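Peer 1: model this:
(chains A, B and C)
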Amino acid sequence: MPELPEVETTCHGIAPHLLNQTIVKVLVHQTKLRWPVPAELATELCGTAVQDVTRRAKYILLRFPHGTMLIHLGMSGSLRLCKPYMPRAKHEHIEWYLTSGQVLRLNDPRRFGAVLWAADDPYQHKLLKHLGPEPLGDVFDAEYLYHVTRQRKGAIKTFIMDSKQVVGVGNIYASEALFRAGIHPARAAGSLSRERSARLVQAIKEVLQEAIAQGGTTLRDFTNSEGKPGYFAQALRVYGRSNEPCLTCGSTIKQKILGQRSTYYCPRCQR
DNA sequence: AGAGGTACCTGGCAGC
DNA sequence: TGCTGCCAGGTACCTC
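Peer 2: Reported below is the predicted structural model:
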């Protein structure tokens, strides 16, 4: 579930419920996420208030007076606001009790997600420090993409999924953006012209913005912070459509593995 | 430096 | 019904 639009949707959904709320209690039921959940999380947060809720790449940042909590949803994570009397669901590993009477719960079946603590500037944290520009920001433009892809022989799809180059482009939206830009996913990144770089940047921004506007993708079970599904799944043009007709030209959508990830494309529209 | 592979983990599904 | 094998939206880290 969590690609950038899902994380943005989650962030947006939880922010009003968390801002200025004091943490009453933290319960960590499972410390084994991608990295061990730091012990100070359960102690240091109590009695302090959430000052800000922001996002950097796919990390959700909750700022407190004395540090920042980083939450990554990994491959299967979700955050949900509940009433304390609602029974804890399977895989709800961490609970943050708020003065409002609500509880924020982290559910993550595959446990690829992470909850970390940054006492100092979170942007200097090891995991955030080397991230590339935000895909929806001004830094990520045609000239940038053209410049950083020069001499690169690897596939363009793998390149745009590399968070050191640009963050937030996951497997689904990489396929979708390349389809919209008419670029074959296996094409060498360095072979893109200025014009095609511009088209790809535009397509990435569009596909992400549309998905955010519609509340994220529904694949198997994505639900936003209120438990409602996203509605972008129906807008996917190539992802998950192998052997179905291309919506533009009618050719058969192909699937191949690139960088160990399933990739979908139209062999006629994408060159 | 860049490219490619591996690891972390559970659940759902197809096929037998 | 139950087993096995495969696949899944991320990404840090390792080796070549």
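Peer 1: quick one: the helices in the stretch 151-271 of chain A?
Peer 2: With DSSP state H, counting those that start in this stretch as the criterion, the stretch 151-271 of chain A has helices at A:156-160, A:171-181, A:194-213.
Peer 1: Mean neighbour count added to these, as a markdown table?
Peer 2: (C-beta placed from N, C-alpha, C; glycine too.) As requested, these are arranged in a markdown table below (neighbours: other C-beta atoms under 10 Å):
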| stretch | mean neighbour count |
| --- | --- |
| helix A:156-160 | 24 |
| helix A:171-181 | 25 |
| helix A:194-213 | 18 |
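Peer 1: Straight-line length of stretch A:78-95, end to end?
Peer 2: Chord length of stretch A:78-95, first to last residue, is 12 Å (C-alpha to C-alpha, to the nearest Å).
Peer 1: what comes into contact with that stretch?
Peer 2: A:1-2, A:10, A:14, A:17, A:25-30, A:33, A:37, A:41, A:60, A:71, A:73, A:97, A:101-109, A:111, A:115, A:222-223, A:225-227 (C-beta atoms under 8 Å, 6 or more residues apart in numbering).
Peer 1: coming back round to it: which among the helices of the stretch 151-271 of chain A is found nearest to DNA strand C?
Peer 2: Ranking those by proximity to DNA strand C (C-beta to the nearest atom of the strand) places helix A:171-181 first, at 3.4 Å.
Peer 1: okay, the closest one in CSV with CA atoms only?
Peer 2: Output of helix A:171-181 as CSV, limited to C-alpha atoms (Å, rounded to 0.1, in the frame of the first residue of the first chain):
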residue,chain,number,x,y,z
ASN,A,171,6.8,0.4,-8.1
ILE,A,172,3.3,1.2,-9.1
TYR,A,173,3.7,4.9,-10.0
ALA,A,174,7.0,4.2,-11.8
SER,A,175,5.2,2.0,-14.3
GLU,A,176,2.3,4.4,-14.6
ALA,A,177,4.5,7.5,-15.1
LEU,A,178,6.7,5.8,-17.8
PHE,A,179,3.5,4.7,-19.6
ARG,A,180,2.2,8.3,-19.6
ALA,A,181,5.5,9.6,-20.8
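Peer 1: Can you give me the separation between the nearest residue to A:Leu200 once chain neighbours are set aside and A:Ala203?
Peer 2: Residue nearest to A:Leu200 in three dimensions, not counting chain neighbours: A:Ala181, with 4.3 Å by C-beta to C-beta, 6 or more residues apart in numbering. According to C-beta to C-beta, to the nearest Å, A:Ala181 and A:Ala203 sit 4 Å apart.
Peer 1: repeat for A:Gln21
Peer 2: From A:Gln21 to A:Ala203 the distance is 38 Å (C-beta to C-beta).
Peer 1: now do A:Lys254
Peer 2: Applying C-beta to C-beta, the value for A:Lys254 to A:Ala203 is 19 Å.
Peer 1: for the residue of the stretch 51-200 of chain A found nearest DNA strand C, what are its contacts?
Peer 2: Residue of the stretch 51-200 of chain A nearest DNA strand C, by C-beta to the nearest atom of the strand: A:Gly170 (2.1 Å). Neighbouring residues of A:Gly170 by C-beta under 8 Å, 6+ apart: A:Pro2, A:Glu3, A:Leu4, A:Lys58, A:Met161.
Peer 1: quick one: the fourth one and A:His72 touch, right?
Peer 2: What it means is A:Lys58. Yes: counting by C-beta atoms under 8 Å, A:Lys58 touches A:His72, with 6.1 Å between them.
Peer 1: who has more neighbours, these two?
Peer 2: When A:Lys58 and A:His72 are compared for neighbours, A:Lys58 comes out ahead with 24 against 21, by other C-beta atoms under 10 Å.
Peer 1: how much space is there between the closest residue to that one other than its chain neighbours and A:Asn243?
Peer 2: Counting by C-beta to C-beta, 6+ apart, A:Val7 is the residue found nearest to A:Lys58 once chain neighbours are left out, at 4.8 Å. To A:Asn243, A:Val7 is 31 Å away according to C-beta to C-beta.
Peer 1: More neighbours: which of the two?
Peer 2: A:Val7 (26 against 8).
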